[in-house]
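Peer 1: Okay, predicted coordinates and the sequence, questions at the end:
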There are 2 protein chains.
Amino acid sequence: MGEFELLAKLRERLPAPGPRIRVGSGDDAAVTVPGGATATSVDAVVDGVHFHRDQATLVQIGHKALATALSDLAAMGAEAGEAYVVLGVPPDLGEQDCLELVDGIIALAVETGTTLAGGDVTRAPALSLAVTVVGHAATPELLVGRDGARPGDALVLTGELGAAVAGLLLLESPRLAAAVPAATAERLRRRQLEPVPRLAAGRALASAGARAMIDLSDGLGGDAAHLAVQSGACLRIDATALPIAEGVAEVAAAVGRDPLELAASGGEDYELLAALPPEQLGIAAAAIGEGGETTLTPVGEVIAGKGVEIRLPGGALLRTSGFDQFGP
Amino acid sequence: MGEFELLAKLRERLPAPGPRIRVGSGDDAAVTVPGGATATSVDAVVDGVHFHRDQATLVQIGHKALATALSDLAAMGAEAGEAYVVLGVPPDLGEQDCLELVDGIIALAVETGTTLAGGDVTRAPALSLAVTVVGHAATPELLVGRDGARPGDALVLTGELGAAVAGLLLLESPRLAAAVPAATAERLRRRQLEPVPRLAAGRALASAGARAMIDLSDGLGGDAAHLAVQSGACLRIDATALPIAEGVAEVAAAVGRDPLELAASGGEDYELLAALPPEQLGIAAAAIGEGGETTLTPVGEVIAGKGVEIRLPGGALLRTSGFDQFGP
């Protein structure tokens, strides 16, 4: 099957475009009429680097590629708009496989109100997906960067930590499944394979006055450091306050690791960490509670200084300078 | 070197962002304030499929990846705005190589007024680039799709055909260089390796009332068929009117092919084919002449029917139905 034929088949599966689209997939470019401001992010995943075809279904691979891209829009407080997908197809991936992959993308697109507005298909040595997503807001001021955290701000976290890394451990070592009930193991694996972009929570936090926000893709420690560096402040996180997902303690014990360390360093939870004025905490919690999608937990505060301080259960402080990776 | 370190080094090289950018590379997403309408397109190139690292410098590979993406914006009559680049880096591509590649992208970005507003770097088995470009126009009506050609319209073509395919033949068989003067061979190779997106010409044609437009990436025959299919009309092209680049006849002769056939079927010239009301021809030619970037040649007309008819030098008509590849 040629590129054009596959593209035509893929296009047939696309749901109706959203209201901002004037010209959808199939022309030289998609034409949209955006609102006042757009947030645009691009994310790529490659077989053998970001996922393994023997650990995930093609539907899950498609889902996750779009989910991780949309998570960046969630972290801006943007409304999901359009996605553009580049599919790198290896020789052993057939037409039906490509359609399955795209079905995974489409299902999440429909769920999140994202229009698949364009893309490209190319041969490639390994299955790869590069997803560009465009989100919208009425004004640029409504979008939340990483650089606005100020001393005195409260730090809040959506959802729970550690599920994705525990799920990864379960996928890599199926014998670990004995450590938790079967339903828990399945839930943890799904958090690894089918992450949920916190779009509604991100918009709620932005509306509630979040001054800085980031999604946790690399792990709380590393992502908090990004936020600290870009805000020129120090994030003090209370480790005892961190919400750890059910089953993470058991999986951590089974591999001889501290559950807290696993939860704070494991990536891919795609929860949101936000800094906001403490007087806005109640409004933010209420806004997120209304959606019912997830929870909001206060996990610390922003103080003067730089880097990240994690207050451990015994009271000791673990300091990490987030500046190392960017130079002085 | 880690991903973050490379990204930081790449960011240091980026020129100042354009006026629409509120938050550039380095946050969860870039924030822009677009005008009334955007045109968005994505294009991917992979080593061994779209280029060969032994035939092109890394600067040229970077240039071409952005140029082919921008060419889609030219075909919409859009003003170049932002680009987002995913770099798939194979094990044998070092830090200096990545910077060279990005220098090729940056040089063309500066030349075309494009802001590199974001991107992603990942390990990959082969060098690959996926480039998303966003173009702008005051209103969506100013952007030109593929579907507006109407019987009676004149067909015009920017620039000349055949140079890119002749350049490719020269790269693949260096012995062919004897067929043309050295300067001509070099010019043909550069048309293959460093294509020029016809952004100014595209905007001029859009302003002059072009009703349908496409850039020639797959070759005149195939791309004319796309335009015919999407407009529901027939494109009658006069083969004797086609402007053939200098040296193409000699290279064609050296490989035993008809120069006209080579020019009409060879891809990657990235010239623009447009349909516009015949009374606008003078205005369009004048607008393009002013820019001095390229030329405009009338090459035929739009008639009722479907597909593409090429009138050959002897007067015979070669018909191709562009509908085959999309079904009945």
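Peer 2: Thanks, I have it.
Peer 1: Can you name the residues that contact A:Ala245?
Peer 2: Going by Cβ atoms under 8 Å, 6 or more residues apart in numbering or on different chains, A:Ala245 touches A:160-163, A:166, A:188, A:191, A:263. In this view, the C-beta of every residue, glycine as well, is placed from N, C-alpha and C.
Peer 1: Show me which of those are buried.
Peer 2: A:160-163, A:166, A:188, A:191, A:263 (16 or more other Cβ atoms under 10 Å in any protein chain shown).
Peer 1: with the residues you listed in mind, which one is nearest to chain B?
Peer 2: Using Cβ to the nearest Cβ, A:Leu161 comes nearest to chain B of the buried ones among the contacts of A:Ala245, at 18.5 Å.
Peer 1: you'd agree the closest one is up against A:Glu271?
Peer 2: Yes. Between A:Leu161 and A:Glu271 there is a contact under Cβ atoms under 8 Å: 6.7 Å.
Peer 1: Which strands and helices lie in contact with whatever helix or strand A:Val102 lives in?
Peer 2: Using DSSP states H and E, A:Val102 sits in helix A:95-112. Judged by 3 or more Cβ pairs under 8 Å, 6 or more residues apart in numbering or on different chains; DSSP states H and E, the packing partners of helix A:95-112 are helix A:3-13, helix A:58-74, strand A:79-89, strand A:115-123.
Peer 1: got the ones you listed as JSON lines, with mean pLDDT, mean neighbour count and distance to chain B columns?
Peer 2: JSON lines is the format used below for the helices and strands packed on helix A:95-112 (pLDDT from 0 to 100; neighbours: other Cβ atoms under 10 Å in any protein chain shown; distance: least, Cβ to the nearest Cβ, whole Å):
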{"stretch": "helix A:3-13", "mean pLDDT": "81", "mean neighbour count": "15", "distance to chain B": "5"}
{"stretch": "helix A:58-74", "mean pLDDT": "98", "mean neighbour count": "25", "distance to chain B": "4"}
{"stretch": "strand A:79-89", "mean pLDDT": "97", "mean neighbour count": "26", "distance to chain B": "4"}
{"stretch": "strand A:115-123", "mean pLDDT": "94", "mean neighbour count": "23", "distance to chain B": "5"}
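Peer 1: Of all these, which one comes closest to B:Val134?
Peer 2: Nearest of those to B:Val134, taken as Cβ to Cβ: strand A:79-89 at 9.9 Å.
Peer 1: what about A:Val45, distance to A:Leu127?
Peer 2: The spacing between A:Val45 and A:Leu127, counted by Cβ to Cβ, to the nearest Å, is 9 Å.
Peer 1: list residues touching both of the two?
Peer 2: With Cβ under 8 Å, 6+ apart as the test, A:Val45 and A:Leu127 both reach A:Ile61.
Peer 1: Figure out how far the worst-scoring helix or strand of chain A on mean pLDDT is from the centre of its chain.
Peer 2: One helix or strand of chain A scores below all others by mean pLDDT, DSSP states H and E: strand A:317-320, with a mean of 76. Relative to the centre of its chain, strand A:317-320 is centred 25 Å away, using Cα atoms, centre = their mean, to the nearest Å.
Peer 1: And chain B, is it touching that?
Peer 2: No. Strand A:317-320 stays clear of chain B (Cβ under 8 Å from any Cβ of the partner chain), getting no nearer than 14.2 Å.
Peer 1: Give me the sheet partners of that strand and which way each runs.
Peer 2: Under the criterion DSSP bridges, strand A:317-320 sits next to strand A:307-311 (antiparallel) in its sheet.
Peer 1: Pull the partner strand out as PDB, backbone CA atoms only.
Peer 2: Extracted in PDB, the C-alpha atoms of strand A:307-311 (Å, rounded to 0.1, in the frame of the first residue of the first chain):
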ATOM      1  CA  GLY A 307      16.700  24.400  43.400                       C
ATOM      2  CA  VAL A 308      14.500  21.900  45.200                       C
ATOM      3  CA  GLU A 309      14.500  20.900  48.900                       C
ATOM      4  CA  ILE A 310      12.700  17.700  49.800                       C
ATOM      5  CA  ARG A 311      11.800  17.500  53.500                       C
END
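Peer 1: Mind checking which of A:Val45 and A:Leu127 has more residues around it?
Peer 2: Each of A:Val45 and A:Leu127 has its neighbours counted (other Cβ atoms under 10 Å in any protein chain shown); A:Leu127 has more, 22 against 19.
Peer 1: Look up the closest residue to the more buried one, ignoring the ones flanking it.
Peer 2: A:Asp47 (4.1 Å; Cβ to Cβ, 6 or more residues apart in numbering or on different chains).
Peer 1: burial of the one you found, as a residue count?
Peer 2: Here the number of neighbours of A:Asp47 (other Cβ under 10 Å) works out to 22.
Peer 1: confidence score at it?
Peer 2: Note on A:Asp47: pLDDT of 97.
Peer 1: Any chance you could list what contacts the least confident helix or strand of chain A?
Peer 2: By Cβ under 8 Å, 6+ apart, strand A:317-320 touches A:221, A:225, A:307-312.
Peer 1: What of stretch A:99-106?
Peer 2: Stretch A:99-106 has contacts (Cβ under 8 Å, 6+ apart) with A:9-10, A:13-15, A:57-63, A:65-66, A:83, A:85, A:87, A:116, A:127, A:129, A:131.
Peer 1: ok, now with 10 Å
Peer 2: Identification of contacts with stretch A:99-106 by Cβ atoms under 10 Å, 6 or more residues apart in numbering or on different chains yields A:6, A:9-15, A:56-67, A:83, A:85, A:87, A:89, A:93-94, A:109, A:114, A:116, A:119, A:121, A:127, A:129, A:131, A:194.
Peer 1: Could you pull out the buried residues of that stretch?
Peer 2: Going by neighbour count (16+ other Cβ under 10 Å), the buried part of stretch A:99-106 is A:99-102, A:104-106.
Peer 1: in what helix or strand does the closest residue to A:Arg211 other than its chain neighbours lie?
Peer 2: The shortest distance from A:Arg211 to any non-neighbouring residue, by Cβ to Cβ, 6+ apart, is to A:Gly148 (3.8 Å). Using DSSP H and E, A:Gly148 maps to neither a helix nor a strand.
Peer 1: Neighbours of A:Gly148, how many?
Peer 2: 18.
Peer 1: which residue ranges form the helices in chain A?
Peer 2: For chain A, the helices identified by DSSP state H occupy A:3-13, A:58-74, A:95-112, A:163-172, A:182-193, A:199-207, A:220-231, A:248-254, A:259-265, A:281-291, in order along the chain.
Peer 1: quick one: buried residues of stretch A:140-156?
Peer 2: Neighbour-count burial for stretch A:140-156 flags A:140, A:142-149, A:153-156 (criterion: 16+ other Cβ under 10 Å).
Peer 1: quick one: that stretch to chain centroid distance?
Peer 2: Centroid displacement of stretch A:140-156 relative to its chain, using Cα atoms, centre = their mean, is 18 Å.
Peer 1: First-to-last residue distance for it?
Peer 2: Stretch A:140-156 has an end-to-end distance of 23 Å (Cα to Cα, to the nearest Å).
Peer 1: Stretch A:296-315 now?
Peer 2: Terminal residues of stretch A:296-315 lie 24 Å apart, using Cα to Cα.
Peer 1: which regions of chain A lie under the pLDDT threshold?
Peer 2: Residue ranges of chain A with pLDDT under 70: A:1-2, A:321-328.
Peer 1: All set now, cheers.
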